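*Asks:* Sequence plus the predicted model coming up.
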Amino acid sequence: MSDRKASRPDQNPEDVPVSKNIAQGTDSKEHFALRAIRAILILLCVTLIGLLNYLAFESQTNPALKTILIANYGFFSLLLDPYVVLSITILGAGVISWTLLSRPRGTFRKIISYLRPHLLYVIVIGIVMVAGASLQLAQPWIIGYLLVGNVIAFHNLGYLPTVLALLAGAFAMQQVAAFLTDYLTEKLGEKTVHKLRTDVFEHVERLPLQFLDESRSGELVSRIMSDTNEVESILTDDMPALGSDFIMVAGASGLLFFANQKIALTIVPFIIGMVIVVNLFKRRVKRGARKIREAVGELSARTFEVISSLRIVKSFHREEEEAKEFRERSLAIVRSNVNLVKLSSLYSTMVDTVTTLALLALLLVAVPSVLNGAMTLGALVAAIGLLNKMFDPLVSLSKANFKIEKAVAAGDRLFEITEMKPEALDVPGTFTPSNIQGGIEFDNVSFQYNSGHKVLEKLNLTVKPGETVAIVGSSGVGKSTIVNLLLRFYEPTSGRIRIDNYPINLLKLSFLRDSIGLVIQDPILFSGTIRDNIAYGKTGASQEEIVQAAKAANAQEFILNLPKGYDTEIGERGDPKILILDEATSNVDSQSEALIREAMRRMSGERTTIVIAHRLSTIMDADRIVVLEDGRIVEVGTHLGLLQRGGTYSRIYQNQLQAQPYQQIGERKA
């Protein structure tokens, strides 16, 4: 549909005198300026539909505005049609939403779902985005239909300052809208990613130990930190542009189509071409992005392992080998990134080519129409402006596809974790006993890992309340597995475990673990004071309880000799009914081991103690010693009784005796 010339008075003859008055400058410039500024302020602050409604109403009482509408009757008469307004929305939403917002497996939708608690932010940002897009769409309209179509066409230089003021006002308020959009979306993005990162971390804490044993700590850290940062980038940087560009494409394409169907139909094939280009590259981008995220996770995991084991690396002089492996892994990431950049560059070139061809096609169709009088010069300028307002954000949208796919790849890795079934700490049907004494019973317990490797087979063991039982055996016979089963880090393949005749699977998991204290081979100290670490296992522990725990562990004198005593930064645990020492003395010297033995003797009878030991000197005072071999109990007795029997325990003891200096072995006699 061609535009009517602005100078044709036969369109609405009764209004020509008013037009002439403005063209000749006989109407008040101040009156025109005030009315026009009022109109443009409405344009800047409302949606396109609101603007059209305003123009339709205001033109009845505003001669200046009515003259402008008359001069561009062919353009605005279409815009005021309700069908046109509805069609603009449909046209803009269809192709773009299908192309850029559809995501497999709903990962993108899951990311967006984190915006729901902040709906007010989303609404305000949406309003500001619509206002900003309307401001941008107003600029080619002002330039084409007011500046070129009226000031230049009618030689009305007297109205040039007014038009320039309108253009400057539109730009200034657009910048205000851009600032508000950036600020609000950044704030919204930070809140959203904080929630996502916290959810992932808390879910990892609740996952079964089996998953954590099979995962690499560094890789998990990479997911929690690096992958959430990737998701954060799209929420804080790309989503604002995505929303604004979407509105711009929808509005500009609709305006262009209904202003001049011939030009719009010329552009349609290029929009389709853009859609095809986006879909051609979308899957390849996501595969490449996921490969990079996995490689970064592997590098993080390896780095974490090497740094945490640097003492071993140095002792075996493996620095160069580890550095070489690090370089190779890092170069693999570089190569993957370069390939993705190459893909991105090719993608950008194709998108820019489609855009340029669209502009050339528009000029090929529009310029002859201007020369033969079928289209005004102002309409051509406005059409070119609208084309830019449509294709610039469309190009931005298509290029944002790369960032979206990278964020979706990172989101996939995050949601893989959150979709895993966590441990149920307090499931229906479980209960909390009022008190437990600490009796433990393993009833015909067998266990094997997923690989099929049997670790324990029909284990029967009873530990009385207050009894100290040591478990010994060579590596891999199932000593630590007993601990894992008792704490329900794993579930037995068959059989049942009881505490005070209560099946542990019927006890609330939180209560079970609160009732058991665990000291491992390499104790973990959390950041904080000695007081904090001792009280870690009992929230709200009093100072008296903390001191008693320190005395029980033979640590009171050592702590008091520190400059800040209990307030020294770094610890131990609470006061459980069941205490498990899992190779707790493996890495201590003889003097420290003697202190631990003394503490164990003093605590004997107060709590049930299970000692997993490799150094037999630690367990000589145990009430009973259980010897494991091939997942079965082969011997049970006291230290002296087992030595006299001359079995597996005696053989292990003799081997250790020969491997250590005699004076160190002598400390075992007490």
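*Replies:* Now that the structure is in, tell me what you want to look at. Computed from a predicted model, the values in this text were never measured in an experiment.

*Asks:* residues contacting V124?
*Replies:* Neighbouring residues of V124 by C-beta atoms under 8 Å, 6 or more residues apart in numbering: L184. Using the backbone N, CA and C atoms, a C-beta is placed for each residue, glycine as well.

*Asks:* Backbone dihedrals for P503, both of them.
*Replies:* phi -60, psi 130 (degrees, to the nearest 10).

*Asks:* Pull the number of nearby residues for it.
*Replies:* 12 (other C-beta atoms under 10 Å).

*Asks:* again, but for V338
*Replies:* Counted with other C-beta under 10 Å, the neighbours of V338 add up to 10.

*Asks:* May I ask which helix or strand encompasses it?
*Replies:* helix 319-371 (DSSP states H and E).

*Asks:* Just to check, V151 is in contact with L157?
*Replies:* Yes. Applying C-beta atoms under 8 Å, one finds V151 in contact with L157, separated by 6.9 Å.

*Asks:* Those two: which is more packed in?
*Replies:* Neighbours per residue (other C-beta under 10 Å) separate V151 from L157, with V151 holding more: 19 against 10.

*Asks:* contacting residues around the more buried one?
*Replies:* So V151 contacts L157, Y159, L160, V163 (C-beta under 8 Å, 6+ apart).

*Asks:* Dump those residues to TSV, plus pLDDT, distance to K389 and secondary structure.
*Replies:* Conversion of the contacts of V151 to TSV gives the following (pLDDT from 0 to 100; distance: C-beta to C-beta, whole Å; DSSP: H, G, I helix; E, B strand; the rest coil):
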residue	pLDDT	distance to K389	secondary structure
L157	80	27	helix
Y159	78	24	helix
L160	84	23	helix
V163	82	19	helix
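
*Asks:* Just the element for the nearest residue to T185 once chain neighbours are set aside, please.
*Replies:* Leaving aside its sequence neighbours, T185 sits nearest to P240 (C-beta to C-beta, 6 or more residues apart in numbering; 4.1 Å). Assigned by DSSP H and E, P240 falls within helix 239-259.

*Asks:* One more: L518?
*Replies:* In the assignment (DSSP H and E), L518 maps to strand 516-519.

*Asks:* and that strand, average pLDDT?
*Replies:* Mean pLDDT, strand 516-519: 78.

*Asks:* Measure how far it is from the centre of its chain, please.
*Replies:* With C-alpha atoms, centre = their mean, to the nearest Å as the basis, strand 516-519 stands 34 Å off its chain's centre.

*Asks:* Check which helices and strands it sits against.
*Replies:* Packing contacts for strand 516-519, counted by 3 or more C-beta pairs under 8 Å, 6 or more residues apart in numbering; DSSP states H and E, involve strand 578-582.

*Asks:* how does it look with 10 Å?
*Replies:* helix 479-486, strand 578-582, strand 608-612 (3 or more C-beta pairs under 10 Å, 6 or more residues apart in numbering; DSSP states H and E).

*Asks:* Parallel or antiparallel, list what pairs with that strand.
*Replies:* Here strand 516-519 has these sheet partners by DSSP bridges: strand 578-582 (parallel).

*Asks:* ok now the strand it pairs with, how far from the chain's centre?
*Replies:* Put simply, strand 578-582 sits 38 Å off its chain's centre (C-alpha atoms, centre = their mean).

*Asks:* now the angle from that strand to helix 479-486?
*Replies:* 150 degrees (axes from the mean of the first three to the mean of the last three C-alpha atoms, to 10 degrees).

*Asks:* Could you give the average pLDDT over strand 578-582?
*Replies:* 80.

*Asks:* Over to stretch 441-457?
*Replies:* Rounded mean pLDDT across stretch 441-457 is 84.

*Asks:* and what of stretch 112-130?
*Replies:* Per-residue scores along stretch 112-130 average to 85.

*Asks:* same deal with stretch 543-559?
*Replies:* Averaged across stretch 543-559, pLDDT comes to 72.

*Asks:* before we move on, what about stretch 607-625?
*Replies:* 82.

*Asks:* related to what we said a few turns ago, now the contacts of V151 in a markdown table, with distance to V296?
*Replies:* Compiled in a markdown table, the contacts of V151 are given as follows (distance: C-beta to C-beta, whole Å):
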| residue | distance to V296 |
| --- | --- |
| L157 | 61 |
| Y159 | 59 |
| L160 | 57 |
| V163 | 53 |
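
*Asks:* Among these, which one sits closest to G517?
*Replies:* V163 (80.5 Å; C-beta to C-beta).

*Asks:* Surely the closest one touches Q139?
*Replies:* No. V163 is beyond contact range of Q139, at 11.4 Å (criterion: C-beta atoms under 10 Å).
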